[in-house]
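S.K.: Okay, predicted coordinates and the sequence, questions at the end:
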Amino acid sequence: MKRSLSSFFVLAAFATADAGGAQAFELKSPDIAEGKTIDTKHVYDSFGCTGGNLSPELTWSDPPAGTKSFAVLAHDPDAPTGGAGFWHWLVVDIPADARGLKRGAGDASGKNLPPGAHQLENDFGDKSYGGPCPPPGKPHRYIFTVYALKVDKLGDAAHGRTAIAGFTINANALAKASITGLFGR
């Protein structure tokens, strides 16, 4: 049976429920709706795009036992980069007691991040949120994912390139949950 990518991510959010009926690790947002167009207030404000570049509010619930920190990544897998996609936001070392990121937390100052959390350099070259800004044509998917991690801090990987950070995050993930928004111009 063939499934759409968006249905895969909806199912992935529920894949962490145990056989005993425990709630699943879930990501929600009042700003990003699954499979819907992302508002221009969250769109990048450069490279031909004119948006507010405001990071969306994200909340999560029911992380698995043993979660010691979280990471949030925003990725465009449709970017014409030879298969690498484009990383729009990387937040790591989010404390285990956090249950979300406020709208605007992706500001370069980092002042609205939970204590101890920090942003890695995105593919725009900034340590902040960089909103959608695809080339003209077909809309792209923007996948926002929260990872529940089995480590307190990512260590040296948090200072490396996006691929190394992604590898380390995935290697330490207990669970993940995603929301996929769309944007085109």
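M.R.: Everything's here; your move. Values in this document were obtained by computation on a predicted structure and should not be read as measured data.

S.K.: where does the protein have low pLDDT?
M.R.: 1-22, 158 (pLDDT under 70).

S.K.: now the helix or strand that Ser178 is a member of, how far from the chain's geometric center?
M.R.: Secondary structure assignment for Ser178, by DSSP states H and E: strand 173-183. Distance of strand 173-183 from its chain centroid, counting by C-alpha atoms, centre = their mean, to the nearest Å, is 6 Å.

S.K.: Helices of the protein, residue ranges please.
M.R.: 5-14, 162-171 (DSSP state H).

S.K.: Residues in contact with the last one: which ones?
M.R.: What that stands for is helix 162-171. By C-beta atoms under 8 Å, 6 or more residues apart in numbering, the list of residues contacting helix 162-171 from outside reads 71, 73, 84, 87, 90, 92, 120-123, 147, 149, 154, 157-158, 160. Yep, even glycine has a C-beta here, placed from its N, CA and C like the rest.

S.K.: Only the buried residues of that helix, if you could.
M.R.: By 16 or more other C-beta atoms under 10 Å, the buried positions in helix 162-171 come out as 162, 165-166, 168-169.

S.K.: and of those residues, the nearest to Gly137?
M.R.: For the buried residues of helix 162-171, the residue nearest Gly137 by C-beta to C-beta is Thr162; the value is 23.7 Å.

S.K.: And the closest one, how far from Val92?
M.R.: Between Thr162 and Val92 the distance is 11 Å, computed by C-beta to C-beta, to the nearest Å.

S.K.: Between the two, which contacts overlap?
M.R.: By C-beta under 8 Å, 6+ apart, the residues touching both Thr162 and Val92 are Leu120.

S.K.: and Pro30, what is it in contact with?
M.R.: Neighbours of Pro30 in contact, by C-beta under 8 Å, 6+ apart: Glu57.
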